[in-house]
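A.B. asks: Dropping the sequence and predicted coords here.
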Amino acid sequence: MARLFGTDGIRGVANLDLTAELATNLGTAAVQVLAVGLAKKPVAVIGRDTRASGEFLEAALAAGMAAAGATVFRIGVAPTPEVAYLIDALDADLGAVISASHNPMPDNGIKFFAAGGRKLPDSLEDAIEDRLKNFKQLPVGSEVGRIIDNPMASGNYVDHLVDSLDIDLSGIKVVVDCANGAAHHTAPAAYRKAGADVIAIHAEPDGLNINANCGSTHLSDLITAVKENKADLGIAHDGDADRCLAVAADGSVVDGDQILAILAQAMKENLKLVNNHVVTTVMANLGLKKFLQTADIEVIETPVGDRYVLSAMEVGGYNLGGEQSGHIILADYATTGDGTLTALHLMQRMKQTGLPLAKLAMVVQKLPQVLLNVSGVDRNLGVSHPRVLAEVDRLREELGDTGRILLRPSGTEPLVRVMVEAPTNEQATAVAQALVAVVREVAAQ
């Protein structure tokens, strides 16, 4: 049986792969694993994004947790980082977010958090999966859990975000694309409370339109709105708002690598960057790594996934890490990637320096990067077959130290991902296509 958990929880088509029955059982298993040995009744927090399927999955998950004896606070629609914050603020023992992040609406997912609002290591996810096969005896009578709706919790979260800033953001004009997702209320509210002039687009979720031609995977509307409104920048969130991408006033896109560089430079100048280290993933552009090296900032690399970034940050005691996709972890204020928090600190840097975002982003001289997805293949065979590995070695020798190749199975989708960086886009494309052809050839055998 394939492992249920991927790089960011459990995902699948709602009501097909991710059913109400599975959600109920996962809720029970999570409480029995994450709240073991407590002298009190366990407390859990559940939030969700705006997908219609989140409503029945939330009910099922809460039922499973309550059946295991937990008091469950349902906060309704909320960004993933808000749920993580509230788990800590409410001194809860565990929590969960029902979301498939940037995936299309038919998909949904469940990701769990331990006490303190921290994502789970593989070992605890495996323990939850094992518990599905062998539940402990469930409580009865007064020991069963209760379900309490608490939809007003977001105000505390917004205050927490704004309180992290050193200055107000008056004079900054920002367009925010909320992806018709979980941040449709909290992100505009936080930016306005911080003093910015805010224009919100795609902020009217109907349960079906999350990520639909909007948000961090579809930037065209945001680019147009930034230019039409003569805004200083645009911010694009994904469905659960644990990340953001930015658009400069000229319409250029500023990705997570560039945002990480901007924040690293700011934190180092202000003596806030712990041990002058930044944690990022193997997908980070070589341009980011070269900038950090010239800035005398050490780089720690991890596998793809913000939980791996966070794990390395915790081990080393570092306070800044992130991914090219826009998952940025500011560990002084959050236990997971937080797109709204990231955007606030990006705008703070703009105001403090008086520089436009495009100018700030120029510190990273990005190498052309081509990312191709190969679907319809065995994602593990596609990265381990000797013929594929031989082709990777050949192409790496061809590139030398002027570029790099990364081949990996997706942790959230049935895909093999091929990433190539090279001095020119044409060379990167040619190398990537050559590798894709070999992966498909092997898969067809």
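C.D. replies: Cool, the structure landed. Numbering: from 1, shown residues only.
A.B. asks: from here on, contacts and neighbour counts on C-alpha atoms
C.D. replies: Will do.
A.B. asks: where's the residue lying farthest from the centre of the chain relative to residue 68, distance?
C.D. replies: Distance to the chain centre peaks in the chain at residue 141, reaching 39.6 Å (criterion: Cα atoms, centre = their mean). Using Cα to Cα, to the nearest Å, residue 141 is found at 12 Å from residue 68.
A.B. asks: same question, residue 166
C.D. replies: Distance from residue 166 to residue 68, by Cα to Cα: 43 Å.
A.B. asks: neighbour-wise, which of those two wins?
C.D. replies: residue 68 (28 against 10; other Cα atoms under 10 Å).
A.B. asks: Now do the contacts for residue 87.
C.D. replies: 44, 45, 93, 94, 95, 115, 116, 117 (Cα atoms under 8 Å, 6 or more residues apart in numbering).
A.B. asks: how about TSV for those residues, with distance to residue 442 added?
C.D. replies: Formatted as TSV, those follow (distance: Cα to Cα, whole Å):
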residue	distance to residue 442
44	46
45	46
93	47
94	43
95	42
115	44
116	45
117	42
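A.B. asks: In JSON lines: those residues, plus neighbour count, secondary structure and pLDDT.
C.D. replies: As requested, these are exported to JSON lines (neighbours: other Cα atoms under 10 Å; DSSP: H, G, I helix; E, B strand; the rest coil; pLDDT from 0 to 100):
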{"residue": "44", "neighbour count": "30", "secondary structure": "strand", "pLDDT": "98"}
{"residue": "45", "neighbour count": "33", "secondary structure": "strand", "pLDDT": "98"}
{"residue": "93", "neighbour count": "23", "secondary structure": "coil", "pLDDT": "98"}
{"residue": "94", "neighbour count": "28", "secondary structure": "strand", "pLDDT": "98"}
{"residue": "95", "neighbour count": "32", "secondary structure": "strand", "pLDDT": "98"}
{"residue": "115", "neighbour count": "20", "secondary structure": "coil", "pLDDT": "97"}
{"residue": "116", "neighbour count": "19", "secondary structure": "coil", "pLDDT": "96"}
{"residue": "117", "neighbour count": "28", "secondary structure": "coil", "pLDDT": "96"}
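A.B. asks: Pick the one among the residues you listed closest to residue 81.
C.D. replies: residue 117 (8.5 Å; Cα to Cα).
A.B. asks: can I assume the closest one is in contact with residue 335?
C.D. replies: Yes. Residue 117 lies in contact with residue 335 (Cα atoms under 8 Å); the separation is 6.2 Å.
A.B. asks: number of nearby residues for the residue nearest to residue 214 when sequence neighbours are not counted?
C.D. replies: Excluding the flanking residues, the one nearest residue 214 by Cα to Cα, 6 or more residues apart in numbering is residue 179, at 5.2 Å. By other Cα under 10 Å, 31 other residues sit near residue 179.
A.B. asks: what about residue 179, which helix or strand?
C.D. replies: Under DSSP states H and E, no helix or strand contains residue 179.
A.B. asks: got a list of what it touches?
C.D. replies: 202, 203, 210, 211, 212, 214, 215, 216, 236, 237, 238, 239.
A.B. asks: From residue 143, how far out is residue 71?
C.D. replies: For residue 71 relative to residue 143 (Cα to Cα), the value is 10 Å.
A.B. asks: Please identify every residue contacting each of those two.
C.D. replies: By Cα under 8 Å, 6+ apart, residue 71 and residue 143 have these common neighbours: residue 41.
A.B. asks: Those two: which is more packed in?
C.D. replies: Just comparing residue 71 and residue 143: by other Cα under 10 Å the higher neighbour count belongs to residue 71, 21 against 14.
A.B. asks: List the contacts of the more buried one.
C.D. replies: Residue 71 touches 41, 42, 43, 44, 65, 145, 146, 147, 148, counting by Cα under 8 Å, 6+ apart.
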